[in-house]
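A.B. asks: give me a 3D structure for the following:
(one chain, ligands or ions: 1)
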Amino acid sequence: MARIFSGIQPTGIATLGNYLGAIRNWVALQDGADECVFCLVDMHAITVFQEPAALREQTRQMAAVLLACGINPERSILFHQSAVSAHARLAWIFNCVARIGWLNRMTQFKDKAGKDREAVSTGLYVYPNLMAADIHAYHATKVPVGDDQLQHLELANDIAEKFNHDFSSTFFPRIEPLVLKESARVMSLRDGMKKMSKSDPSDQSRINLTDDSDMIAAKIRRAKTDSEPLPEQLDQLAERPEARNLIGIYAAILGQTPQEILHRFAGSGFGPFKEQLAEALIAHLAPIGARTRDYLTDPTGLDQILQAGARRAAAIAEPIVTEAERLVGFLARA
Ligand code: AQP
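C.D. replies: Numbering: from 1, shown residues only. Predicted structure coming up:
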């Protein structure tokens, strides 16, 4: 049995992008032979300022969404990162193992920091070291990620290799990325070149998993498209990112290929296509939204689920990180 680790930031309400790109795969993975550890990475979330009351609310909301999507807290370990101190302790060791040159090459930092590099938090800069600690604290060897995260996983392997070398050990295993299918990447409804994001300032850019049927229908109706009819072949959408995105979403929801969807709608305008897309999304997402709202009526119950998950997580991570601390030369903890 291997151990799978994955995380999601409680930086807003989970989107259709998070669902198709991550959460849906997590639910499928928990039915396999491997042990699954799913983490609400609130420590990653605060690398960009979060209003404290909102962070608490968003963490519960994310837990509710994951449960509503089918994460089973008996089968998988579901918890919030800050509740298990092993993450922070190992991240500090990794801050001292990773080289500045390695972090300088991280393209996600460059994208997120933009032109204002000097003004972002140091947490955002060392974010990949914390991510490496999240995974290695569990000796997890399989990590489901989007292709935008591959560079961070390579860094996590580099860190483990240097740690093992510096401390003459074979303590940290190699991580193998479980890369998600290309079709799972969902783009903004307003700009087909930008990924759908829960923290995008425009709510119209995304479908939130808690949107009701009317909101989903309205967002799809208003989604940016163009005036051309839908073509016969997928490669004819290469220069039409918004249309390509909507076709991809419909395909992912129905479990078909984008080409199969195009065969059905070739020659038609976006009106009838959008209507059917909205219908399929509502049928798929409305039950998730309803279950999420149900879980949210009991915040204490949600906290208890996360705390029970944190105890199980700590039981795995504590001895691993204690051994890493011993290898580094720290005296035993009291
Ligand atoms: N648009 C997307 N399409 C496919 N997969 C996506 N993921 C995120 N957006 C899309 C996947 O969701 C998982 C959790 O992501 P995260 O919360 O850790 O951070 P993120 O990738 O930065 O997601 P967001 O929604 O864009 O968050 P914010 O707005 O806070 O930055 C990951 O597996 C990710 O690949």
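A.B. asks: now do the contacts for the nearest residue to Cys39 once chain neighbours are set aside.
C.D. replies: Using Cβ to Cβ, 6 or more residues apart in numbering and skipping the chain neighbours, the partner closest in space to Cys39 is Gly7 (4.2 Å). (C-beta placed from N, C-alpha, C; glycine too.) Going by Cβ atoms under 8 Å, 6 or more residues apart in numbering, Gly7 touches 38-41, 44, 81, 131, 134.
A.B. asks: am I right that Gly7 falls within a helix?
C.D. replies: No: checked against DSSP: H, G, I helix; E, B strand; the rest coil, Gly7 lies outside a helix; its state is strand.
A.B. asks: filter the contacts of Gly7 down to the buried ones.
C.D. replies: 38-41, 44, 81, 131, 134 (16 or more other Cβ atoms under 10 Å).
A.B. asks: looking at these, which are in strands?
C.D. replies: 38-40 (DSSP state E).
A.B. asks: pick the one among these closest to Thr11.
C.D. replies: Nearest to Thr11 out of those is Leu40 (Cβ to Cβ; 10.3 Å).
A.B. asks: for the helix or strand encompassing Ala252, what does the pLDDT average out to?
C.D. replies: Assigned by DSSP states H and E, Ala252 belongs to helix 241-254. Average pLDDT, helix 241-254: 95.
A.B. asks: same deal with stretch 141-153?
C.D. replies: Averaging pLDDT along stretch 141-153 gives 90.
A.B. asks: what does stretch 275-284 give?
C.D. replies: pLDDT averaged over stretch 275-284 gives 98.
A.B. asks: make TSV from the buried ones among the contacts of Gly7 and add pLDDT and distance to the ligand to it.
C.D. replies: As requested, those are exported to TSV (pLDDT from 0 to 100; distance: Cβ to the nearest ligand atom, whole Å):
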residue	pLDDT	distance to the ligand
Phe38	98	10
Cys39	98	10
Leu40	98	9
Val41	98	6
His44	98	7
Gln81	98	11
Met131	98	9
Asp134	98	11
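A.B. asks: want to throw the residues you listed into TSV with distance to Ile23?
C.D. replies: Converted to TSV, the buried ones among the contacts of Gly7 look like this (distance: Cβ to Cβ, whole Å):
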residue	distance to Ile23
Phe38	9
Cys39	13
Leu40	12
Val41	14
His44	17
Gln81	17
Met131	18
Asp134	17
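A.B. asks: among these, which one lies nearest to Gln149?
C.D. replies: Met131 (8.1 Å).
A.B. asks: for the closest residue to that closest one other than its chain neighbours, list the residues it contacts.
C.D. replies: In space, and not counting its chain neighbours, Met131 is closest to His152: 5.4 Å by Cβ to Cβ, 6+ apart. Neighbouring residues of His152 by Cβ under 8 Å, 6+ apart: 106, 108, 128, 131-132, 145.
A.B. asks: what about His152, which SS state?
C.D. replies: helix.
A.B. asks: residue contacts, Pro231?
C.D. replies: 237, 262, 266.
A.B. asks: ah, wrong one, I meant Leu237
C.D. replies: Counted by Cβ under 8 Å, 6+ apart, Leu237 has contacts 231, 243-244, 247, 262.
A.B. asks: likewise for Ile320?
C.D. replies: Contacts of Ile320 (Cβ under 8 Å, 6+ apart): 86, 136-139.
A.B. asks: now the buried members of those.
C.D. replies: 86, 136-139.
A.B. asks: any chance of those in TSV, plus distance to Phe172 and secondary structure?
C.D. replies: Output for the buried ones among the contacts of Ile320, formatted as TSV (distance: Cβ to Cβ, whole Å; DSSP: H, G, I helix; E, B strand; the rest coil):
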residue	distance to Phe172	secondary structure
Ala86	14	helix
His136	5	helix
Ala137	10	coil
Tyr138	11	coil
His139	7	coil
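A.B. asks: export the contacts of Leu237 to JSON lines and tack on distance to the ligand?
C.D. replies: Shown next, in JSON lines, are the contacts of Leu237 (distance: Cβ to the nearest ligand atom, whole Å):
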{"residue": "Pro231", "distance to the ligand": "24"}
{"residue": "Ala243", "distance to the ligand": "17"}
{"residue": "Arg244", "distance to the ligand": "13"}
{"residue": "Ile247", "distance to the ligand": "15"}
{"residue": "Leu262", "distance to the ligand": "20"}
